[in-house]
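[1] Sharing a sequence plus its predicted fold:
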Amino acid sequence: MTSTAQAPQPGARAAHPEHLGHVIFIAAAAAMGGFLFGYDSSVINGAVEAIRSRYEIGSAALAQVIAIALIGCAIGAATAGRIADRIGRIRCMQIAAVLFTISAVGSALPFALWDLAFWRIIGGFAIGMASVIGPAYIAEVAPPAYRGRLGSFQQAAIVVGIAVSQLVNWAILNAAGGNQRGKLLGLEAWQVMLGVMVIPAVLYGLLSFAIPESPRFLVEVGRKERAREVLKEVEGDKVDLDARIAEIERAMKGEHKSTFKDLLGGSFFFKPIVWVGIGLSVFQQFVGINVAFYYSSTLWQSVGVDPTDSFLYSFTTSIINIVGTVIAMIFVDRIGRKPLALIGSVGMVIGLALEAWAFSYHLVGGKLPATQGWVALIAAHLFVLFFALSWGVVVWVFLGEMFPNRIRAAALGVAASAQWIANWAITASFPSLADWNLSGTYVIYTVFAALSIPFVLKFVKETKGKALEEMG
């Protein structure tokens, strides 16, 4: 799926829609996909130990059930663009909403482990679709004067979705008497946790009927009159609508649809800039960030923290994630992408190294010694804070800006695929690695965080303040 690359006309750039509240509603409705992305990715955190207990499985099998959703994510992300180009952005959202709903119901009522894994794949497909369609739709609908701020709704919605899922999990656990397998509404608590997602999934579907189709898609399928109406709705009637339609048409005709073949070249299969994008994606995941969102409850319980408290710590970590994301959104255009990435890397090294040190101590009475316990807890929050204020946001900004126009779409697809694969590798390996040596596992994550510093210094170029046409 492509988006308009040509700069808007001055009139459009200065447009201030009369109904800004309505434009914000449209962007927020589209960003509900991001909320579900975050919610569905993280809600499994509350069910990990209950699934292990109910199906009596080891760490390796458990990891595959947790990580298998990422296969669906990769497929959904790879196909969403083509689906949206064929049937429209809104229809694509509605398909994602249906898949989220089916996944929530199926995950809450599994017959066996194999069909729980199947429903996880369905949910992953919806996540992958939402990760692509939300930002693309917002970019195509938002008035140029507000595009940056409205575009940030997607990332904000993701981190809010993560936090809400942890809060809901904690509330359900308390209602079930602190037992993940305690009965609630005729089901076990963990099943209710996974099933509650049906509420935002249905809401997402309903909201998709209340927002207009993208003007870009409408022009593409020849519905220029409807495109003109939508542009008037979001940019106001003071804008030259005919000029905006003509601008979209010119941009579409002038676009080069990049292919995988365009990425080949250089000494190592891909062009060097593509490897830099892949490196950013891999480092973002290999510091172990998703362990904090998929396994944090399990992690804290493994070092003696009460289950209810472990769920609370998962929620507070999610709040820290939101705070860090806001900091990144404030400073990414002020101090630049590269300095922010380096600051984050240094902070992550400190946080991860402290966690590795704390987890190296033997448990006393099934718990970490008091000092090490507090250090582990504070260091975990420090790690998430520094990740969120840097690599959590900066990598996506880099990937959207660093590639030359001619290969941007294809290169971004390869880099995003590398990210899903790296995410899968970390998610699938953590339970077995933790069984082997929890402290050693965090040493590995610390090493990757440390290696990200020379990688950024040597290979990553600053993109702040540069036009997209300057890249390459």
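    The structure has been received and is ready for your questions.

[2] what bits of the stretch 1-150 of the chain have low per-residue confidence?
    Within the stretch 1-150 of the chain, the ranges that satisfy pLDDT under 70 run 1-19, 145, 147-148.

[3] Run through the helices of the stretch 251-400 of the chain in chain order.
    Along the stretch 251-400 of the chain, the segments classed as helices by DSSP state H, counting those that start in this stretch run 272-286, 289-294, 296-302, 307-331, 337-359, 370-388, 391-401.

[4] What residues of the fifth one count as buried?
    For helix 337-359, a neighbour-count test (16 or more other C-beta atoms under 10 Å) marks 337-345, 347-359 as buried. No exception for glycine: its C-beta is placed from N, CA and C like everyone else's.

[5] Quick check, residue 351 in contact with residue 380.
    Yes: the criterion here is C-beta atoms under 8 Å, and residue 351 meets it with residue 380 at 7.1 Å.

[6] mind checking which of the helices of the stretch 251-400 of the chain is nearest residue 218?
    Nearest to residue 218, of all these, is helix 391-401, at 24.0 Å by C-beta to C-beta.

[7] what is the orientation angle of whichever helix or strand comes after the closest one with helix 370-388?
    Next in sequence after helix 391-401, counting helices and strands by DSSP states H and E, comes helix 408-459. Computed by axes from the mean of the first three to the mean of the last three C-alpha atoms, to 10 degrees, the angle separating helix 408-459 from helix 370-388 equals 130 degrees.

[8] check contacts around residue 355.
    Residue 355 sits next to 376, 379-380, 383, 442 when contact means C-beta atoms under 8 Å, 6 or more residues apart in numbering.

[9] coming back round to it: so which of the helices of the stretch 251-400 of the chain is nearest residue 459?
    Minimum separation from residue 459 across the helices of the stretch 251-400 of the chain (C-beta to C-beta) falls at helix 272-286, 5.1 Å.

[10] Flag every buried residue along that closest one.
    Buried residues in helix 272-286, counting neighbours by 16+ other C-beta under 10 Å, are found at 273-286.

[11] will you turn those residues into a markdown table that also has pLDDT and distance to residue 207?
    Formatted as a markdown table, these follow (pLDDT from 0 to 100; distance: C-beta to C-beta, whole Å):
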| residue | pLDDT | distance to residue 207 |
| --- | --- | --- |
| 273 | 87 | 38 |
| 274 | 88 | 36 |
| 275 | 92 | 39 |
| 276 | 92 | 37 |
| 277 | 91 | 33 |
| 278 | 92 | 35 |
| 279 | 95 | 37 |
| 280 | 95 | 32 |
| 281 | 91 | 30 |
| 282 | 95 | 35 |
| 283 | 96 | 35 |
| 284 | 94 | 30 |
| 285 | 94 | 30 |
| 286 | 96 | 36 |
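
[12] For these, please prepare TSV with the additional fields distance to residue 241.
    As requested, these are exported to TSV (distance: C-beta to C-beta, whole Å):
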residue	distance to residue 241
273	38
274	39
275	43
276	40
277	37
278	41
279	44
280	39
281	39
282	44
283	45
284	41
285	44
286	48
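
[13] with those residues in mind, which one is nearest to residue 234?
    residue 277 (31.4 Å).

[14] How far off centre is stretch 379-397?
    Distance of stretch 379-397 from its chain centroid, counting by C-alpha atoms, centre = their mean, to the nearest Å, is 13 Å.

[15] first vs last residue of that stretch, how far apart are they?
    26 Å (C-alpha to C-alpha, to the nearest Å).

[16] got the buried residues for that stretch?
    Applying 16+ other C-beta under 10 Å to stretch 379-397 flags 379-397 as buried.

[17] sorry, back to before: using JSON lines, lay out the helices of the stretch 251-400 of the chain together with distance to residue 51.
    Listed next are the helices of the stretch 251-400 of the chain as JSON lines, based on distance: least, C-beta to C-beta, whole Å:
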{"stretch": "helix 272-286", "distance to residue 51": "23"}
{"stretch": "helix 289-294", "distance to residue 51": "12"}
{"stretch": "helix 296-302", "distance to residue 51": "10"}
{"stretch": "helix 307-331", "distance to residue 51": "14"}
{"stretch": "helix 337-359", "distance to residue 51": "23"}
{"stretch": "helix 370-388", "distance to residue 51": "23"}
{"stretch": "helix 391-401", "distance to residue 51": "27"}
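
[18] Which among those helices is found nearest to residue 59?
    helix 296-302 (9.8 Å).

[19] if we look at the closest one, which residues are touching it?
    Helix 296-302 is contacted from outside by 45-46, 48-49, 169, 291, 307, 309-311, 313-314, 317, 380, 431, 434, 438, using C-beta under 8 Å, 6+ apart.

[20] try stretch 362-375
    With C-beta under 8 Å, 6+ apart as the test, stretch 362-375 has contacts from 303-305, 354, 357-359, 361, 376.

[21] try stretch 189-202
    Residues from elsewhere that reach stretch 189-202 (C-beta under 8 Å, 6+ apart): 32, 35-36, 39-40, 43-44, 46-47, 50-51, 54, 97, 100-101, 103-105, 107-110, 161, 165, 168-169, 172-173, 175-176, 179-185, 187.

[22] Pull the number of nearby residues for residue 458.
    Counted with other C-beta atoms under 10 Å, residues neighbouring residue 458 total 8.

[23] should've said residue 62
    By other C-beta under 10 Å, neighbour count at residue 62 equals 22.
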